[in-house]
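A.B. asks: Sharing a sequence plus its predicted fold:
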Amino acid sequence: MDGGREPAQVYGSMQIELAWTIIPILIVVVLFLATARVIHAVQDAPEPAGAQDVIAIGHQFWWEFRYPKLGIVTANELHVPVSNPGHPTPTFLQLLSADTDHSFWVPQLAGKTDLIPNHPNRMWMDPQRTGVFLGQCAQYCGTQHAKMLLRVSVDGPEEFASWVRAQQKPAVEDAGAIAGRRVFERNACINCHQVGRTPANGRFGPDLTHLMSRGTIAAGAAENTHDNLRLWIQNPGAIKPGSLMPAMKLSDADLNAVVSYMETLH
């Protein structure tokens, strides 16, 4: 090699530059089209005739579920039918907010979808197996955001039909609960809560018509037991600090009477 000569100087390659520009562009275009196709299929999926419709309303700090076709209103525990691949029965949810931003998220059933005031949103789920699936609000909405929990019970056809029949029945109270009902109705409880076929028609708090059919209280923060229910009515902050439900400061006699009344609401 002649030490006095420089090697050939290469200042660029049109072929290489075209390759590393065009190939990534093609990859991005393919990914974009595939993503757009999936998003369209998910968001604009047609609603089958047998689909279940539910209106989910986010409150600080609990969930309200309304079944417009069935005339059912419940809270925090959503029941949906299992879907048979041969005859799909998905559940379509209309998502609304009563106050601030929330987000409906049940990781094992569907992706996170936001609830924004004055901006209705929609999502759907098509569960293929029965069971109880846990979720919660995934958008910070205030002091009790972390305890704004929810449960989705995916029921078999007979189990779901049985639940619907029970929820459609009026609340039945026994004679021993009359005193508790009177305490409930003469305090501010009726301004926030509803009990079917009674003067209580509030909408600020959960519907209590079938309270004892739920496994939890306080949006999943505690099991629905006698002791927890009594503590929740006596001092909500002991279970859920920052709860918007006030402590009614009832006497022991009135507190026991109200708890007895609540325990009849199946």
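C.D. replies: Cool, the structure landed. Residues are numbered from 1 along each chain as shown.

A.B. asks: Show the low-confidence segments of the chain, by residue range.
C.D. replies: In the predicted model, the chain carries pLDDT under 70 at residues 1-3, 172-176.

A.B. asks: Count the neighbours of residue 147 for me.
C.D. replies: 20 (other C-beta atoms under 10 Å). Any C-beta I mention is one placed from the backbone N, CA and C, and that applies to glycine too.

A.B. asks: and the gap between it and residue 237?
C.D. replies: Residue 147 sits 12 Å away from residue 237, going by C-beta to C-beta, to the nearest Å.

A.B. asks: which stretches of the stretch 1-150 of the chain form strands?
C.D. replies: Assigned strands in the stretch 1-150 of the chain, in chain order: 52-59, 62-67, 72-75, 77-81, 91-97, 102-106, 110-115, 121-125, 131-137, 149-155 (criterion: DSSP state E, counting those that start in this stretch).

A.B. asks: Could you dump these into CSV with distance to residue 164 added?
C.D. replies: Shown next, in CSV, are these (distance: least, C-beta to C-beta, whole Å):
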stretch, distance to residue 164
strand 52-59, 10
strand 62-67, 8
strand 72-75, 7
strand 77-81, 8
strand 91-97, 13
strand 102-106, 20
strand 110-115, 22
strand 121-125, 18
strand 131-137, 17
strand 149-155, 9
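
A.B. asks: do you know which of these lies nearest residue 248?
C.D. replies: For those, the distance to residue 248 is smallest for strand 62-67, at 17.8 Å, taking C-beta to C-beta.

A.B. asks: Packing partners of that closest one?
C.D. replies: The contact analysis (3 or more C-beta pairs under 8 Å, 6 or more residues apart in numbering; DSSP states H and E) places strand 62-67 against strand 52-59, strand 72-75, strand 77-81.

A.B. asks: if you set the cut-off to 6 Å instead, what comes out?
C.D. replies: Where contact means 3 or more C-beta pairs under 6 Å, 6 or more residues apart in numbering; DSSP states H and E, strand 62-67 is packed against strand 52-59, strand 72-75.

A.B. asks: Which of those strands sits closest to residue 224?
C.D. replies: Residue 224 sits nearest to strand 72-75 of all the helices and strands packed on strand 62-67, at 11.6 Å, using C-beta to C-beta.

A.B. asks: what comes into contact with that closest one?
C.D. replies: 62, 64, 65, 66, 167, 206, 207 (C-beta atoms under 6 Å, 6 or more residues apart in numbering).

A.B. asks: List the neighbouring strands of that strand plus their orientation.
C.D. replies: strand 62-67 (antiparallel) (DSSP bridges).
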